[in-house]
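Q: Need coordinates for the following:
(3 chains)
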Amino acid sequence: MRVIVHVDLDCFYAQVEQRRLGLDGDVDAVAVQQWSNLIAVNYVARRHGVKRGMPAHEAQKLCPGLRCVHVETIGEGGVVVEDPTPPAPGATRDPMVKASLRRYRGASREVFAALAAHCDLVERASIDEAFLDVTAQSAALLKEAQAAAAAAGRSAGHGDGVGEVHSNDGREEEGTGGHEDGAGVAGASGDAPDPDGEGVAAGQQQHQCKPKDYRRELDFRTQRHSQVVDAEHDATATELSQSQEAAAAAAPELTESARLLLAGGVVVDRIRRAVREATGFTVSAGIAANRVVAKLASARNKPNKQTIVPLSLQSAMMRSIPFREVRGFGGKYGSALEAALSAKDGDGGGADVVTRRVRNGWHDPKAADDAPPLTCGDLLDVFGGTDGTKRFAQRCSIPLDAATAVMRSVAGEGMDEVKPNLKPKSLSACKSAYLGDAAMVRRCMAVLAEELVERMAEDELLWRRRATTLVVHHRGALKKDHLSKWKAGKTSELTRDRNRQCRMPLGAEATVEASNSQGETARKTVRVPTPGQIVETAEGMLRKLASSGGLPVLPCTRIALCATDLQDLETGSASLTSFFQAQPKGSVNSSGGGTSLRSPQRKRPKRKRGTLEGFFGGAAKKPAPTTEVVGEAHTTIEDAKAEIPRAEGEGQGAGPLAGSFGAAVTEEPAPAPASPQRNEMWGGDEETDIRSAEREGDGVGDGHGEEVEEGQGQDNVIAPSELEDKDRQGQGVYVLVVEDEPPDPVVDSTDAEVEPEPEAAGAPAQAPAEATATTSLDGGMKACPRCGQEMPAEELPEHEDWHVAMDLQERFHPGSSGSARRAPGGLSGIQPRQWSKQRAPQSKIQSFFKR
DNA sequence: CATTATGACGCT
DNA sequence: AGCGTCAT
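A: Numbering: from 1, shown residues only, chains lettered A, B, ... in the order given. Have a look, this model is predicted:
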C-alpha cells in the first residue's frame, strides 16, 4: 500500500493577500476579487456567507467588514497596477487591461519549494494543490517508532504510557454522540486557539501522554491533526487520531496499513508545518491509500487540518460521498449519468437507483434540490456487484470500460501513481473582453504577448526549458446589434471557441535578473520571442482561423495566447540545473519570491513596469541600485524587429503590427493606430472577408499561416534540436552579470571559429561588441568577480552559475547557509543591459532567412 | 461583454 | 492538430 497525500492550500489567494497586506486571517474577513466577482474568500468571510463567485458588493452587504483585494492588473505598455481600484459595479471594463494571477503563481512556487524540500514525490495538480507520495518516509518513520517503542517497552516497562494510548478510553468518550462525520468533531473544538510551538511539543511527546490527557491531545489533534471521516467509525477514528509515532507503533490491533497511514499522518503534519514556516500559509491535507480518496479527504476538514482515511474506513467514506463530488463527475458527464440512472423507464438498474434514492427521502426528480444526492454508495449497491457494471454500462449507454472506470472511481480505487512534477505544462495569458475591431484585437494581444513573454523568460530561468508551440485561442461573439438575441439565450456558432497553433517564434536573448538577500544581483540570459513576434504570429493564426473556419474572427469576446510543448534544455552547465531540478535535501526546486520576474520593492500603485519596456526598448536610463531595469534596448529592439520576417502582405516597412509594437516598446507613446483594412479583413461577418483575400491575394500570404510549416517560416521558430545545440554551448548562452561588477568578461574562444550556428538568426548584431572586446583582452585565466577565485575563462560561467544557485538558495532558504530571514520578492526585472556575448551569427540558415 | 484566468486531458 | 470537458 502507498501513502498518498493530497495537499490543498486554504483559500490560497486570500492567504497570499493576507500575508502581503499583513492581515490576520483568523480575524479579518478577506476576499480576493477579479473585476466584480470574488475568486477567493477566506474563512472568516465564509462564516458570513460570502462565497466564491459572488459579486463583491453583494458580499460587502453580507459582511460589512470584508476586505476585498483586487488582483493585479496589466495594461498596455506593461503598466502594472498592483492594487487596482476595483471597477465600480456595472462599470465597463477596459478591454486592454487584463487581470494577472502572477502574484499567486509566485507564492505557489514558494509552497512547492517547501513541499519539494520535504518530499521527493510531489506532483503539482494546480496552482494550489499537490499530490505527494510519502510511502517511503512513512514506512521509515514507522519502523523507527516501532523500534523505539520496543526499546522503551523493554527498559521503561509499563510506565511509559505507550501501551495505554490505544486503550479503549477514547473510544467510549468519542463514540457516544454518533457524529455526522469527522468534521463535526473538528468543528466542536474548532474554536480552540491554535496551539503553536508548544502544540508541536505536545504532539511529539505523545508517548508521555496518559489516558488522562487524552482528551486534550484529541482536541489538539482535531484542531491541527488527523481526523478520520466516518461517524459510525468514530471509535476507530479516535484511535487512529493518535497519529503519532508511538500510537502508530504501539497499537497492536491496528492493521499494518493503518499504522502506515498513521505514520503518514505524522509525516504530513511535519510537512504542513514546514510549509507554514517557510511561507506562512496554512494547508489542509488528505492522507489515504490513493489519490481519489486523498483528494476527497483533504476537502473534508478545512482549513488547516488533515484527514486520514484508513483502508478500513475507505469504502464507508466513499459510499457516503455524493457521486457528483467525485473528481470527473461534477460536470455534464456526471449529470448525464445521473439522469440516465434516475429515469424510471428502462430496465431494472435505473429503477433500483431511483428506489434507493426514494428510500432516502428523494421524491420528485424535478425538485432535486433538497433531495439527498446520489451517492457512490447508491451506485455501488445497485451496480457494484458482479455483472453490475455491465448493466450499468447498458443502462447509461456507455462503453463497458467506461462503466468499469466509473465504478472504480466511486469505489475509491484509483490507483494512479503520483508522478513527480513541479512544473506547469503550459503558460497562457488570456483576456475576456468584447473586441470589436482588428486594432483592438491587436492591442489586446500585445498586452497578452508581453505577459506571456515575461513568463516564458521566467520559466526558462526557473526550469531551463522553452515553449515550442504557440496556441491562439479565440472566442467569437455576436455583433452588438444581435445582442438581444444573445440575451434571449440564442446560442450561436459565432460564440464558439476556436484555436490555431503554430511553432513558437524564435526570439532574442534577454537577460533576467535575480537578486539575493544581500542585494547582490545576478542575471542570466534566456531566449524568448519578442512580444512583437508573438503578436505577429498570433495574428497569422487568427487569419488562418478566418480563412479556414468559415466564421468571422471579429468581433470576439476572448483571446488567449498559450505557450506549450515546453522542451527541456539540455543540461549544459550543470550547476544551475542541478540547483533547480535535482534536489539535495533542504534545498529548493524553484525560487519563491512571489514577485518572480519583478523587482520586489515596487510598491507604488501605478507605474510603468521595467520588464518588457526594459527588455525590448526604452533608452538607457539610470539603473536604480538593485533592481531597476534599464537598458539599451535599442539594439535589442532593432534586432527584434529585424527578426520579424517580412511575410505578411504588409506592404513595405514594418507592418502595422510591428510598427505598433515597436512604438509601444520604444519611446512612442501611443500604440499603433488601427489598420482599417485589416479591420475589414477580419470582419468576416460582412460578406467578402479575409478568406478570399488571404487565399487569392499574394501567394506570400501569411508567413505564419498554413504555410508556416514549410519553407522559410521555419527558420523563425525554435526547433528542439536547436535548443539542445544551443544549450550545449553552455557558456555561450548564459552569462552572469553581478551587479556593480564590470560586464562579464568571459569570452568563448570558440565563438569565432565555431561552426555556423543554426540558430544564430536572432542574435543581436552589434550589442556585444564592446563587451566582447573587453573580455577578449585577457586570455586564459579569469578571476571570479564574486569570490576572486582564478580559473580558466571557460569555467567562469559555470562557476558563476554556482554563485547564482547559492544566492538563490540563500535567498529562499536562509537557514541553509546564511542568516537572513526569508526575503520577499524573487527574481526581479528583466535586464537589457550587458549582452553577454554574441553568438557568431551567419549561417546558411540565417542568410537564407535574411534573404 | 455576463464568472475570469488558467490549467490539464481525452477524444478524435 | 483542433475541440470539448473538467476543475478551481
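Q: Sketch out the helices for the stretch 351-500 of chain A, chain order is fine.
A: A:376-383, A:388-396, A:400-410, A:438-463, A:483-487 (DSSP state H, counting those that start in this stretch).
Q: Where does the nearest residue to A:K295 once chain neighbours are set aside sit, in terms of helix or strand?
A: Nearest residue to A:K295, sequence neighbours excluded (CB to CB, 6 or more residues apart in numbering): A:H6, at 4.5 Å. Using the backbone N, CA and C atoms, a C-beta is placed for each residue, glycine as well. Per DSSP states H and E, A:H6 falls inside strand A:4-9.
Q: how about the helices of the stretch 351-500 of chain A in CSV, adding mean neighbour count?
A: Shown next, in CSV, are those (neighbours: other CB atoms under 10 Å):
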stretch, mean neighbour count
helix A:376-383, 23
helix A:388-396, 20
helix A:400-410, 17
helix A:438-463, 25
helix A:483-487, 12
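Q: can you tell me which of the ones you listed the model trusts least?
A: Mean pLDDT values for the helices of the stretch 351-500 of chain A show the minimum at helix A:483-487, a mean of 50.
Q: re the thing from before, closest to DNA strand C out of the helices of the stretch 351-500 of chain A?
A: helix A:400-410 (10.5 Å; CB to the nearest atom of the strand).
Q: how about the residues of the stretch 51-200 of chain A near DNA strand B?
A: A:G53, A:A91, A:T92, A:R93, A:P95, A:K98, A:A99, A:S100, A:L101, A:R102, A:R105, A:S126 (CB under 7 Å from any atom of the strand).
Q: again, only this time at 6 Å
A: By CB under 6 Å from any atom of the strand, the residues of the stretch 51-200 of chain A that approach DNA strand B are A:G53, A:T92, A:R93, A:K98, A:A99, A:S100, A:L101.
Q: which non-adjacent residue is nearest the first one?
A: Nearest residue to A:G53, sequence neighbours excluded (CB to CB, 6+ apart): A:N37, at 5.8 Å.
Q: what about that neighbour, neighbour count?
A: Residues near A:N37, counting by other CB atoms under 10 Å, number 15.
Q: Which residues does it form beta bridges with?
A: In this entry, A:N37 is beta-bridged to A:Q34, A:P55, by DSSP bridges.
Q: you'd agree it is up against A:P55?
A: Yes. In this structure, A:N37 is within contact of A:P55 by CB atoms under 8 Å, at 5.7 Å.
Q: Check the gap between A:L427 and A:A147 for me.
A: The gap separating A:L427 from A:A147 is 48 Å, by CB to CB, to the nearest Å.
Q: Quick check: the gap between A:L374 and A:V326.
A: 11 Å.
Q: and these two? which has more neighbours close in?
A: More neighbours surround A:L374 than the other of A:L374 and A:V326, with 25 against 22 (other CB under 10 Å).
Q: nearest spatial neighbour of that one, skipping sequence neighbours?
A: A:F323 (4.7 Å).
Q: quick one: that neighbour from A:R93, how far?
A: Taking CB to CB, one finds A:F323 at 38 Å from A:R93.
Q: Neighbour count for those two, which is higher?
A: A count of neighbours by other CB under 10 Å puts A:F323 above the other of A:F323 and A:R93, at 22 against 15.
Q: mind listing what that one touches?
A: A:F329, A:G334, A:L337, A:E338, A:P373, A:L374, A:T375, A:C376, A:D378, A:L379, A:V410 (CB atoms under 8 Å, 6 or more residues apart in numbering).
Q: A:L62 now?
A: By CB under 8 Å, 6+ apart, A:L62 lies in contact with A:H48, A:G49, A:V50.
Q: Thought A:V41 was touching A:K51, still the case?
A: Yes. Counting by CB under 8 Å, A:K51 touches A:V41, with 6.4 Å between them.
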